[in-house]
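Participant: Prediction below, plus the sequence it came from.
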Amino acid sequence: IQSIRDDTKHDQQTTGCRLQKRPKKRNLTQMVNTGIDSVKNGYEDEEGFVKLLSADGCEFILSRRVALVSVTMKAMLEGQFREADDATISFPEMSGLILEKVVQYLHYKVKFSNSPTRVPEFKIDPEHALELLVAANYLDC
């Protein structure tokens, strides 16, 4: 997952996100490539991208189709909310580390939702399990 922020380098160990200067908009497709290779596998759709903001200032840009896996984000992006106009969703109670793991899970869910093969385990560190459970409950994903 590629995360960005307006200012330059930030201590990755304090927030869990990798921060760089904001890239130009034309580089968003490159930023979405997460190892799952979502753009090449057809997860990018015509509707573009969504920006997720964590409490500690991390930004995550992902395909709108991937974001719509979450029932909560889908309601925000398709309803009469500010998020629908901006394509930006803020999570003031969620750290960058937890939001990064949520984004990884959303990609994982899209990739393996209709997979005929055995679905690999999605690894979760025990020290983050409770926070991830709260996030998953809120996001309904």
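Facilitator: Cool, got the structure. Numbers count the residues shown, from 1 in each chain.
Participant: What backbone torsions are found at I89?
Facilitator: When read as degrees, to the nearest 10, the backbone of I89 gives phi -120, psi 130.
Participant: Kindly apply the preceding question to L52 instead.
Facilitator: phi -110, psi 130.
Participant: Tell me what it is bridged to.
Facilitator: F60, I89 (DSSP bridges).
Participant: in terms of contact, does it touch L99 like I think?
Facilitator: Yes: between L52 and L99 there is a contact at 6.0 Å, judged by Cβ atoms under 8 Å. Every residue, glycine included, has its C-beta placed from N, CA and C.
Participant: of these two, who's got more company?
Facilitator: Legend: neighbour count by other Cβ atoms under 10 Å for L52 and L99, higher for L99 (27 against 24).
Participant: re the thing from before, between L52 and L99, what contacts are shared?
Facilitator: Jointly contacting L52 and L99 under the rule Cβ atoms under 8 Å, 6 or more residues apart in numbering are 60, 91.
Participant: Give me the helix or strand of the chain that scores worst on average pLDDT.
Facilitator: Least confident helix or strand of the chain, by mean pLDDT, DSSP states H and E, is helix 28-32 with a mean of 38.
Participant: Quick check: nearest residue in space to S90, chain neighbours excluded?
Facilitator: Ranked by Cβ to Cβ, 6 or more residues apart in numbering and with sequence neighbours excluded, the top spatial neighbour of S90 is L53, at 4.5 Å.
Participant: got the contact list for the one you found?
Facilitator: Contacts for L53 were tallied using Cβ under 8 Å, 6+ apart; they are 59, 88-91.
Participant: the helices in the chain, which residues?
Facilitator: For the chain, the helices defined by DSSP state H cover 12-15, 28-32, 64-67, 71-78, 82-86, 96-112, 129-139.
Participant: which secondary structure elements does the third one contact?
Facilitator: Read that as helix 64-67. On a contact count with 3 or more Cβ pairs under 8 Å, 6 or more residues apart in numbering; DSSP states H and E, helix 64-67 meets strand 49-53, helix 71-78, helix 96-112.
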